[in-house]
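Peer 1: Everything below, folded, please.
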Amino acid sequence: MGITKLADLVRTDAHSAVSYRDISDYTGKVIALDTSIVVNQFRAATPSLSPLTGVFFRTLTFLEHDIKPVFVFDGKPPEEKRAVLEKRAEVAGWTSPNRSGKASTMTKDCLELLKCLGVPSIQAPGDGEAMCAQLVTEGKVDAVASEDMDTLAFGAKILIRQLNAKKDNQVIEYSLPKLLDCLKISHEEFVDLCILLGCDYCDKIPGLGPKKALKLIQQHHTIDNVVLHIKKKTHPVPHFWKYQEARKLFLDSPKSTVPDLIWAEPDEEALVAFLCHTKHVREKRIRSRMERFRQMREKKREQREKEKAEGRSRQTRIDDFFRTTRKRQQVLEAADSVSSNKKKLKSK
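Peer 2: Coordinates of the predicted model:
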């Protein structure tokens, strides 16, 4: 679920913290991927096919763009997430959610696939989003790719959504430092805002919308103070509300020692043996994609050598990683102009 309506709130009240990009903008970057999100996307999009095929194709696309992916797997979920997991299992038609932290058959298959692809993976002690955020904080990766907005609450400085292989797809990037600056709140206050909006770890106060929740946090700074100033008849506080436990999970989630991240060339024969001979994917499909992968890599290698020979070896600056596209910049400037005009009218 992530954080309820956080994306909408960011677009309206902190639009400068959002930028729209192309997958090629992340060339040369190390990106942590929340694996459960990737797998569930393919389950929903192609229910008749194994998600492994989708992971195979998407990973090769990342590698073709010189993006170094790191796949992060969920560990044992916290007890506070039990109700959400049971609800998701019911919707998906599963008998029961996996709360043991033990690797499922799908997880084991993904790990084997990634090994064949030469891509590193990490087992999180708890929620994968928290581990992804830790990787960013420790400088092991440049950003996190996930559809769950709660990755920001865990402290990931850069969150990327819609990072996939679709042509003309617009990748959405969120900057946590810019977001906090726009909203004029600290990270601790942001976590309390996320809990008020609605998260996976506890109930929320009924009837409290995003705008009202933000205003209350800006005025009173903590949930502890907010509950003292809201009207209990219209916004009843849940009984035995575990917001403090939720806050602790976001701010002090279990940490894990990060192993060395090593990438290797994909092993085509191992991929065929696993995907085709074991998982019954058509061999022609895998061979054809691997051939295209090699051609793309060779083309890029020749292009780099040509640029180097001409003395224009491309240097990626940090500003390039955070740049806003020209089209999007025009939209933001127009939004700022409208906002400014509204404020002038109000002052009159």
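
Peer 1: I figured residue 290 hits residue 266, correct?
Peer 2: Yes - between residue 290 and residue 266 there is a contact under CB atoms under 8 Å: 7.1 Å. From N, CA and C alone the C-beta is placed, and that goes for glycine too.

Peer 1: shared neighbours, these two?
Peer 2: Listed as contacting both residue 290 and residue 266 by CB atoms under 8 Å, 6 or more residues apart in numbering are residue 60.

Peer 1: quick one: contacts for residue 2?
Peer 2: Going by CB under 8 Å, 6+ apart, residue 2 touches 147, 148, 149, 150, 199, 200.

Peer 1: Can you tell me which of those residues comes closest to residue 159?
Peer 2: Nearest to residue 159 among the contacts of residue 2: residue 149, at 7.3 Å, using CB to CB.

Peer 1: picking up where we left off before, which among the contacts of residue 2 gets closest to residue 260?
Peer 2: Nearest to residue 260 among the contacts of residue 2: residue 148, at 26.7 Å, using CB to CB.

Peer 1: any idea which element the closest residue to the closest one other than its chain neighbours lies in?
Peer 2: Spatially, and ignoring its direct neighbours in sequence, residue 148 is nearest to residue 2 (3.9 Å; CB to CB, 6 or more residues apart in numbering). Under the criterion DSSP states H and E, no helix or strand holds residue 2.

Peer 1: Next, work out how far apart residue 197 and residue 176 are.
Peer 2: Separation of residue 197 from residue 176 (CB to CB, to the nearest Å): 16 Å.

Peer 1: For the two, work out which one has more neighbours and name it.
Peer 2: Counted by other CB atoms under 10 Å, residue 197 and residue 176 do not tie: residue 197 has more neighbours, with 24 against 21.

Peer 1: residue ranges with poor pLDDT in the stretch 151-300 of the chain?
Peer 2: 165-168 (pLDDT under 70).

Peer 1: show me where it has helices.
Peer 2: 176-183, 187-197, 210-220, 223-226, 243-251, 268-271, 283-309 (DSSP state H, counting those that start in this stretch).

Peer 1: Kindly compare burial across those and name the winner.
Peer 2: Stretch with highest mean neighbour count among the helices of the stretch 151-300 of the chain: helix 187-197 (a mean of 23; mean count of other CB atoms under 10 Å).

Peer 1: Would you mind listing the outside residues contacting that one?
Peer 2: Contacts to helix 187-197, defined as CB under 8 Å, 6+ apart, come from residues 3-6, 9, 149-150, 152-153, 155, 176, 179-180, 183, 185, 201-202, 204-205, 208, 210, 213-214, 216-218, 221-223, 226, 243, 246-247, 250-251.

Peer 1: and if you look at stretch 245-255?
Peer 2: Applying CB under 8 Å, 6+ apart, the external contacts of stretch 245-255 come out as 78, 80, 125-127, 130, 133-134, 150, 153-154, 188, 191-192, 194-195, 199, 201-202, 223.

Peer 1: got the CA coordinates for the helix or strand where residue 132 lies in CSV?
Peer 2: Using DSSP H and E, residue 132 sits within helix 128-137. C-alpha atoms of helix 128-137 as CSV (Å, rounded to 0.1, in the frame of the first residue of the first chain):
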residue,chain,number,x,y,z
GLY,A,128,12.8,-4.6,1.7
GLU,A,129,12.0,-0.8,1.5
ALA,A,130,13.9,-0.2,4.7
MET,A,131,17.0,-2.1,3.4
CYS,A,132,16.8,-0.1,0.1
ALA,A,133,16.8,3.1,2.1
GLN,A,134,19.8,1.9,4.1
LEU,A,135,21.7,1.3,0.9
VAL,A,136,21.1,4.9,-0.2
THR,A,137,22.0,6.3,3.2
